[in-house]
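> Would you be able to build a 3D model of this:
(chains A and B)
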Number of protein chains: 2
Amino acid sequence: MATVVVDVMPKQEILDPQGQAVVGALRRLGIEQFSDVRQGKRFTLEVEGEITEDVLEAAREAADTLLSNPVIEEVVSVRAQQDIDSVRAQQEPPA
Amino acid sequence: MATVVVDVMPKQEILDPQGQAVVGALRRLGIEQFSDVRQGKRFTLEVEGEITEDVLEAAREAADTLLSNPVIEEVVSVRAQQDIDSVRAQQEPPA
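Numbers count the residues shown, from 1 in each chain, chains lettered A, B, ... in the order given. Now for the predicted structure:
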């Protein structure tokens, strides 16, 4: 079992009222460090077996046709979970 | 200007009807590779200046208190965008 991760965000030129609401709510909580917040979507797609180039191609097609609305959103990345994990292991020193 | 990325997903034991709807829609589009899909949220938080440990701590607090509902969701990661980009550059050979 392997996982493909698809990240989708609102396009930069599109207003993001949900993100703006988060900025306001953070200020009310006393968290002032963040000047802007944008909210997008993250999908995990489970595959039986290995992630081949065919599987990634199917995930890209899914991302472009169903998981995002190309008028207002952009697909930020389509990646195998194992690649994300290996990177994280490199960055974080063992506890 | 720098960016912190927060990823939030529904907990594994929680049903995800949106994800199930995506699986059904993919099948109808002829994309059969994926046995399960889960839909979560991805936030980008903009910071004026650099990402220090204080900023990451504020982002973690925001993630735990406002960006996720701890009863049904888990915070998958809180990371600086620059770390994600540097990893991606390592993985992808230049075109």
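> For the rest of this, base every contact and every neighbour count on C-alpha atoms.
Fine.
> Specify the local secondary structure of A:Glu13.
At A:Glu13 the chain is in coil, as set by DSSP: H, G, I helix; E, B strand; the rest coil.
> ok, now which ones touch it?
If a contact means CA atoms under 8 Å, 6 or more residues apart in numbering or on different chains, then A:Glu13 has no contacts.
> Please apply the same query to the one 10 residues further on.
With contacts defined as CA under 8 Å, 6+ apart, the neighbours of A:Val23 are A:34-37.
> A:Thr44 now?
A:3-6, B:37-39.
> host element of the nearest residue to it once chain neighbours are set aside?
Among residues not flanking A:Thr44 along the chain, A:Val5 sits closest, at 4.7 Å (CA to CA, 6 or more residues apart in numbering or on different chains). Element membership for A:Val5 (DSSP states H and E) is strand A:2-10.
> Provide the strand pairings for that strand, with the direction of each partner.
If you go by DSSP bridges, strand A:2-10 pairs up with strand A:34-47 (antiparallel), strand A:73-80 (antiparallel).
> Grab the CA positions of stretch A:72-80 and hand them over as CSV.
Output in CSV follows, covering the C-alpha atoms of stretch A:72-80 (Å, rounded to 0.1, in the frame of the first residue of the first chain):
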residue,chain,number,x,y,z
ILE,A,72,-9.7,29.4,-9.3
GLU,A,73,-7.2,26.8,-8.0
GLU,A,74,-3.7,25.5,-8.9
VAL,A,75,-2.3,22.1,-8.3
VAL,A,76,0.8,22.8,-6.2
SER,A,77,2.2,19.3,-6.1
VAL,A,78,1.5,15.6,-6.9
ARG,A,79,4.0,13.4,-5.0
ALA,A,80,4.6,10.0,-3.5
